[in-house]
Structures are given as structure tokens and as C-alpha cells.
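In: predicted structure and sequence below. I'll ask about it afterward.
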Amino acid sequence: MSAPPPPPDEAVPMPGAVAVIGNDKVLAAAQHIVKSLATSKNAADDMIRILSGFDHRLSTITSDLFPSPSPSHSHSQSQSPSRSPSDPDTDADPSSLAAFDAAEQLIHLWDTTPEALVFEAPEDDAAHYLAAVDAAVDHLAAGGPAAASGRAGVAVQLAMARLEDELRHLMLRHAVPLDASGLYCSLRRLSLESMDDLDASSEFDPATPHSGGPDTARSASISVNPFDDHLFDLVRPDAVDELRAIADRMSRAGYASELVQVYCGIRRDLLDECLSVLGVERLSIDEVQRVEWRHLNDKMKKWVHGVKTVVRSLLTGERRLCDQVLAVSDELRDECFVESTKVCIMQILNFGDAVAVCPRSPEKVSRILDMYEALAEVIPELKELFFGTPGDDVIYDLEGVLGRLGDAVKGNLLEFGKVLQQESSKRPMMAGEIHPITRYVMNYLRLLVVYSDTLDHLLDDDAAGDTNASHGDEDEEYLQSLTPLGRRLVKLMSYLEANLEEKSKLYEDGALQCIFSMNNTLYIVQKVKDSELGRILGDQWTRRRRGKIRQNSKSYLRISWTKVLSYLKDDGHSGGSGNSLGNSTSRIKEKFKNFNFSFDETYRTQTLWKVPDPQLREELKISISENVIPAYRAFVGRYGSLVDNGRSSGKYIKYTAEDLENQLSDLFEGSLGSANHSRRR
């Protein structure tokens, strides 16, 4: 970001450098000044002595500029002052006037080479020039005769113009180039070191100001920053003293507004460049609202990283730089910090505002929560940076955007509830498996609990809420025991459960309705149990849903297997003889035929149904077996001999009890069962 140095063939001349082109100009100018102003050899010698006091190389100006005077002439000249008795400067302190004269001449000397830079000159040129500026400023401040004051004013004006240029050049030349990877690495380092870790360290003493900061109590609150050791140096450290020296002179001379203009302009542009490096774009509300969600999501993520990086790496470093360079005045450094960073802060806030007023959409909630938490996290640090009246407006704007992001979160959650209530897809899941809306909602709610602390804060006493205050069949005492987020989660899941209840009615088969309900309820319970949802909702909520699964299981067995088992009931057919026995045998055969047909039909249908959870699937198979196998074994044992003999063997008794168990093992796999397990007797 700093301006590159001029190439060798464009090297600017430096006063005092004999081998450099500019040396001739400065030397010639000095000779001209001595010749013009000195009226005697003694005066010339005095002038040369004064100039060489600022720079010994000017002592090379020889007194041969003047012919050697005769003794009498020399004596008469030595008794005469260099100014006439009418010169208003004659009443001033001679030593002070001599110092000012020398300072004035040096300032004018440098003004003859505007392309040269004092702070790039060799040896002690910068120190000599600053001393000359101090002498001119002091002389001007002291007042005195009009002529002297007028000369001092001109000298100070020339000096300030040069210092302004020098300040601009130094700030650009010595600004530290930053890149996104370096900034993010700095942020990651910061995130690994908590305040608690640093407070426990013997090396960190909150009562001790940072060694690089000013000595005032107000600045100590800024410089005592646990992240100071990790700050970027926004300007190379070896230039800070020079910048501070320039700022001190400009402020003392009454050129604070010019100082602010140059300093803030350069720092503002450099911070703007850093935002671009971080990917934080300058977008209007209309532009943000036109961005597709996929791209907006990416921009929101960059914003979250950018906010933390800007505050903890850039603004904290910017505050330190202001404190170091502008130590001459608390008011000046506060003003410069606010002015330098205002555009950067506003660009960040404008994007946050634009996102806050975007159309509501459930998928935006987690990303907006990221933005809310990032801003809430850095606001306390920003309050420390923007302390005092100049920063009040900045903090007010920050808190305003934070509030609007919070409102956006609540608004999008309300929108999510409406979507759940209004979603009315009419296409049932053919195998009764878990519905996509169940997966989506539960994954969505599991994501929300990551932000539980923030959402508890935002939803606390949220009177607006949903207009429909339904929480399913939960009792009021249970609801009052939950956190604000817990109550909202119960409400959202009650919307999901009601939606699933309506979807189960799309199945004509009552048994499949039960399978669908069991699958989806169990999925919900598992997602709750395996996440922070379980902690938030508590055991009572989970027990109720497990109870619903048991009820559905009983309903499934009743609806699906009652008819099959009805053919195995003992109606007292074993007694009697003759026609009575024949009729009984016929009825037994009919029962076996009906059982076989009903079982086969149920088998073919329910092997296509799907129960994804292996434990639930196994429990259902066991329940079916416990109801069907003993009844079938007893019925075959009692009546098998009546129908299974001779040529009709295996015609009516199609399955053994083992065959049925093998058949039942194929149920709920979501595909056609294995090859026929039956074996002829």
C-alpha cells in the first residue's frame, strides 16, 4: 500500500549530499543568502556560523565571497549592527533573533528544493529541520515586532507545507501491506487465546499500560489490550517517531485541521483497501436484495470474518497508531480515529442493514445469527476503541444495526413457523418412510440450538411471537419450565407434528399410516436425544413421543394382523362325527386357505414398506411373531391332521411355523421379500 521509492535515475536531491545533484542548488542558495544579507565580513562569518550550526556542511561556504577589509574598515564594521537603528527587530533578544534567522534561512533553503524530502536526507538533516521549525514556531508565538512576526509567519507557513508533504509521503511509504491470509491468520490467533488464559498469565497485568502507549489514563484503557502482542503494525515502527514529530509540530503551529485532513485521508483509503482484501464489498440495499441466495450466503460469511478481523486486527491497530502518532492531543487522536475509521465502519454497517431488511426466508436464519453474534461480540471492544463523545454516534449506529439483525432473526423464525403450518404437499411417501420435511425441520432446529444463548436473549419475553400460540398438547407448567428458545422449539415441532398428522391421512391403509407416524416420530426423538435439543426440551417431551410410538405400534398390530389372526381362532370344530365332522373339516380347510391368502397378501405389501431404524424394525417383527407364530402353531397342532394327509398333503398347510418366521423377517425392508420360504410337507 505504500508508495514505492523513486527509481535510481529519478532520485531526488538531498541538501548536504555532496555527490548528489541537489547539493549544488542548496549550496548556491546558501551562498546567495549570505551574500545578500551580510553587509560585512563579520556579518558573513556570523551567518555562516549560524547556518553551519544546523548543518556542518554549510560551513564550506567561504568568506572569500567578500574582499578582506582594511583594519579600520573592519573595525568600523564590527562596531555597527547589521540592522539600522530603525529596524524594529533591534529591541529583540539578539540570541533569539540569531536563532530565528538561522532557522528561517534553513527553511528557505529547503523550500528552494521542493522535490527533496527532509526525512530521506542523510545524517541529521531531519533533526536540524525540525529544530528550525521549532525556532520559527516559538518566534511566531512570542509575537514581537511586526516585521519579525511577518517573517516568522512566512517561515512557518513554508515549513508546514513541507511537513504536510513529508507526512503524506511517510504514511504511504511506510504503510505495511496487508493480505487476506495474513489478516485471517491474525484473527485465528486471537480466537485461540481467551481473556481467561491471558488474565491467568503473570505476564499480563491489567493495571500496567502497554509500553508503547501514551502515559495518560484515558489512553491506558486502550493500550492495555490482551491482543496487543498480536497486532499488525499498520505503519512500520521505525517511521512512527518521525510521524509523531511531524504531527507535534503541525499541531503546535495551529495546523491541526491540515494534519487531520492528510492523516485521515490516507488512513481511510488504506482501511478501505483492507476491506476489499477481506472481501467485504460496498453494496447498496437494492444490490444486496438482488443477489441470489447462494452468492449472498458467501458474502455474509465473508462479512462475519471481516467484522472480527477489522475490529481485532485493523481498528485496534489503528487506535494504537493514533495514540502513538497523535500523542500531542487527546482530542486530536480521538477525532482522527473516528474520522479515519468512519467509512470503514459504515460500509460494514450498511451491509448488515441491507441483510436485515431482506425478504424473510428460513434458510437465512443461521447466517443472520452468525452476523448478529459477530457484531454483538465486537461491540464491547468497539466501545473501548470509540470512547468519548466523538465515538458515541458510531456506537449508536452499531447497536442500531445489531437490533435490526436481531429483529430479522425473529422475523425469519416466524416465517419458518408459517411455512410449516402452510406446507401442504399431497404426495405421500410410498413406503411410509421418513418425510423430507421431517429431516429438514429437525436438522434446522438442531442448527438453531448452536445459537441457544443468543436466541434465548432474542426470544425472551417476545410478546410478538406467532399469532397462533399453540404448543400442541403440552401443559402450561411444562412450558414455563423451558427457556425462551425451548418454548419456541416446542411450538415449531408442534407445527411439524400437526403437518405430519395431516400427511399420514393421505394413506388409505391404516396400518401404513401407523408405520409412517412411527418412522417420523422416532426420527424426531432421535434427533432430539442426540443433540442439545434433548437438554433444552427435557425428558418429559421425549417420553410423550415414545408413548406415541408405542400407541402407533399397537394400532399397527391391530389394524394389520387382526384379520390374519381371525382365521386361526378355535371355533370348536374338532368334535362330532359323520356329517358334522365333514362340515368341520371343510371349515378348517377354508380357514387354512384364508389364512394363507391373507398372510401372503400382507407379506407382499409390507415387505415394500420401510422402517429405516433397525431397532424399531426388529421390535415390530418380534411383536408380529409373538402374536402370529404361537397362534399358528397351536392351530396347526390341533387341526393339521384333519386336512393334511394323503394326496392333499401341503395343500392347505402351506407354511410351517419356521417358514412364517422366515417370511416375517423380510418385512419393512422396502423391497420385495426373499424367495418363497415355504416348504411343502
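Out: Good, I have the coordinates.

In: so where is the protein shaky, pLDDT-wise?
Out: For the chain, the stretches with pLDDT under 70 are 1-94, 123, 144-149, 178-232, 389, 461-473, 572-583, 646-649, 673-681.

In: for residue 602, which non-adjacent residue is spatially closest?
Out: With sequence-adjacent residues excluded and distances taken as C-beta to C-beta, 6 or more residues apart in numbering, residue 602 is closest to residue 564, at 6.0 Å. Yep, even glycine has a C-beta here, placed from its N, CA and C like the rest.

In: can I assume the one you found sits in a helix?
Out: Yes: the assignment for residue 564 (DSSP: H, G, I helix; E, B strand; the rest coil) places it in a helix.

In: do you know how far it is from residue 594?
Out: 9 Å (C-beta to C-beta, to the nearest Å).

In: and those two? Which one has more around it.
Out: residue 564 (23 against 15; other C-beta atoms under 10 Å).

In: does the more buried one really touch residue 599, like I thought?
Out: Yes: assessed by C-beta atoms under 8 Å, residue 564 is found in contact with residue 599 at 5.5 Å.

In: between the two, what contacts are shared?
Out: residue 628 (C-beta atoms under 8 Å, 6 or more residues apart in numbering).

In: check which helix or strand covers the most centrally placed residue in the chain.
Out: The centroid of the chain falls nearest to residue 304 when counting by C-alpha atoms, centre = their mean (2.1 Å). According to DSSP states H and E, residue 304 maps onto helix 293-309.

In: buried residues in that helix?
Out: Neighbour counts over helix 293-309 (16 or more other C-beta atoms under 10 Å) mark 296, 299, 300, 302, 303, 304, 305, 306, 307, 308, 309 as buried.

In: which of these lies closest to residue 98?
Out: Among the buried residues of helix 293-309, residue 309 lies closest to residue 98 (C-beta to C-beta), at 55.0 Å.

In: how much space between the residue nearest to the centre of the chain and residue 405?
Out: 11 Å.

In: any shared contact partners between the two?
Out: Contacts common to residue 304 and residue 405, judged by C-beta under 8 Å, 6+ apart, are residue 371.

In: check which helix or strand covers residue 587.
Out: helix 579-606.

In: helix or strand next in line after that helix, which one?
Out: Next along from helix 579-606, by DSSP H and E: helix 614-643.

In: residues contacting residue 660?
Out: 599, 625, 628, 629, 632.

In: from residue 599, how far out is it?
Out: For residue 660, the distance to residue 599 - C-beta to C-beta - is 7 Å.

In: now residue 399
Out: Distance from residue 399 to residue 599, counting by C-beta to C-beta: 70 Å.

In: who has more neighbours, those two?
Out: Under the neighbour definition other C-beta under 10 Å, residue 399 and residue 599 were set side by side, and residue 599 has more, 21 against 15.

In: contacting residues for that one?
Out: Applying C-beta under 8 Å, 6+ apart, one finds that residue 599 lies in contact with 564, 628, 655, 660, 663.

In: what do you get if the cut-off is 10 Å, keeping everything else the same?
Out: 561, 564, 565, 567, 628, 632, 654, 655, 660, 663, 664 (C-beta atoms under 10 Å, 6 or more residues apart in numbering).

In: sec struct for residue 426, please.
Out: coil.

In: that one against residue 507, yeah?
Out: No: the criterion here is C-beta atoms under 10 Å, and residue 426 misses it with residue 507 at 11.9 Å.

In: between the two, which one's more packed in?
Out: Taking neighbours as other C-beta under 10 Å, residue 426 and residue 507 compare with residue 507 leading, 18 against 7.

In: check which helix or strand the more buried one maps to.
Out: Residue 507 belongs to no helix or strand, assigned by DSSP H and E.

In: not counting sequence-adjacent ones, nearest residue to it?
Out: Residue 507's closest residue in space is residue 513 (C-beta to C-beta, 6+ apart), at 4.8 Å.

In: give me the buried positions along the helix or strand that contains the one you found.
Out: Assigned by DSSP H and E, residue 513 falls within helix 510-529. By 16+ other C-beta under 10 Å, the buried positions in helix 510-529 come out as 511-525, 527-528.

In: and that helix, what does it pack against?
Out: Helix 510-529 is packed against helix 436-448, helix 484-504, helix 532-566, helix 579-606, helix 614-643, with contacts defined by 3 or more C-beta pairs under 10 Å, 6 or more residues apart in numbering; DSSP states H and E.

In: how about 6 Å then?
Out: helix 436-448, helix 484-504, helix 532-566 (3 or more C-beta pairs under 6 Å, 6 or more residues apart in numbering; DSSP states H and E).

In: can you tell me what sits against it?
Out: 432-435, 438, 442, 500, 504, 507, 534, 537, 542, 545, 548-549, 552, 555-556, 559-560, 609, 613, 616 (C-beta atoms under 6 Å, 6 or more residues apart in numbering).

In: angle of it against helix 532-566?
Out: Between helix 510-529 and helix 532-566, the angle comes out at 160 degrees (axes from the mean of the first three to the mean of the last three C-alpha atoms, to 10 degrees).

In: quick one, what contacts residue 644?
Out: Residue 644 touches residue 653, counting by C-beta under 6 Å, 6+ apart.
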